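Q: below is the structure, and that's it, no one-letter string:
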């Protein structure tokens, strides 16, 4: 049975989360016996663990909760999966097909009328429309809202990692690229996704935060200045650590090996959670990140040495020109 669910099932997620999970388990039990259930929550939803665990125990299941950090569906607790009949991963859509995993998305509503604030910032009559999994269930209403104001929205399919039309991740922007639009409206929090979309597509991106009501036009110049400085510093490095993730949806072994081959000063380091403490004792001058792309761009300030993307390391090694800079994506 496919772990990917339909848009209709996402819309049905207005039901109580616990009731929904029990329903999914009962459905799975038509195929086989399920006794021990593992629960995994992203950081922002971990406080829901006790309530859901309590309800599932009352329903007759043995429960174990993952205590590991979780940053997305690319970050399944594989060890816990081995010791459980099924893993319920809460909060994200699947990035790949996995046996014995139920993905329970976490939808979040907002007042559609707040989109009135973004209208003055839109320059085109036809725009691409993208969002994150939390708001995918609202896309039909959002399309109608814009249509009523004379703006046509284009929603495109993404990749295997983004199973819903219009859905983007911080590592995958295919749903934006495939609109073919020169202007794209992003609905969600933060500027990382829209900045990535802008760099990946070249399109003008209008970012609307549905909670604050704030509209921003991402500007890549500050980021590129910082990345250029890191690349120049890395050219003086005596050693490079190529980070190869152990995480389920972040492992890019072929890429890591290809990058290692670009420099005789490079070693591959296989690693789970990438933190400054985990790298401290290695002492490499520069690290090259093949795990979650966001780590190099968003978390650089946490690391005392440059953490480059694969494309940036190619520039350091002379395999790519600065003018060919690309945002890193997992495809």
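A: Sure thing, it's come through. This one's a predicted model, so the numbers in the text were calculated from it and none came from an experiment.
Q: what ranges do the helices span in this protein?
A: Shown for the chain, the helices assigned by DSSP state H span residues 7-11, 17-28, 49-58, 78-82, 139-147, 174-177, 192-201, 221-234, 253-260, 276-280, 294-298, 310-316.
Q: quick one, which of these is nearest to residue 164?
A: Each of the helices of the chain has some distance to residue 164 by Cβ to Cβ; the shortest is helix 7-11, at 6.4 Å. All C-beta spots, glycine's among them, are computed from the backbone N, C-alpha and C.
Q: quick one: low-confidence ranges for this protein?
A: Within the chain, the ranges that satisfy pLDDT under 70 run 1-15.
Q: now mean neighbour count too, for the helices of the chain, in TSV please.
A: Listed next are those as TSV, based on neighbours: other Cβ atoms under 10 Å:
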stretch	mean neighbour count
helix 7-11	13
helix 17-28	16
helix 49-58	15
helix 78-82	15
helix 139-147	16
helix 174-177	24
helix 192-201	22
helix 221-234	15
helix 253-260	16
helix 276-280	12
helix 294-298	21
helix 310-316	23
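Q: got a markdown table for these, with distance to residue 244 too?
A: Formatted as a markdown table, the helices of the chain follow (distance: least, Cβ to Cβ, whole Å):
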| stretch | distance to residue 244 |
| --- | --- |
| helix 7-11 | 33 |
| helix 17-28 | 33 |
| helix 49-58 | 30 |
| helix 78-82 | 15 |
| helix 139-147 | 36 |
| helix 174-177 | 24 |
| helix 192-201 | 22 |
| helix 221-234 | 18 |
| helix 253-260 | 4 |
| helix 276-280 | 13 |
| helix 294-298 | 13 |
| helix 310-316 | 11 |
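Q: these: which one's closest to residue 107?
A: For the helices of the chain, the distance to residue 107 is smallest for helix 7-11, at 6.3 Å, taking Cβ to Cβ.
Q: so how far does stretch 200-216 reach from one end to the other?
A: 18 Å (Cα to Cα, to the nearest Å).
Q: quick one: contacts of that stretch?
A: Under the criterion Cβ atoms under 8 Å, 6 or more residues apart in numbering, residues 110-111, 114-115, 117-118, 121-123, 127-128, 135, 173, 176-177, 181-191, 193-195, 197-198, 217-218, 326-327, 329 lie in contact with stretch 200-216.
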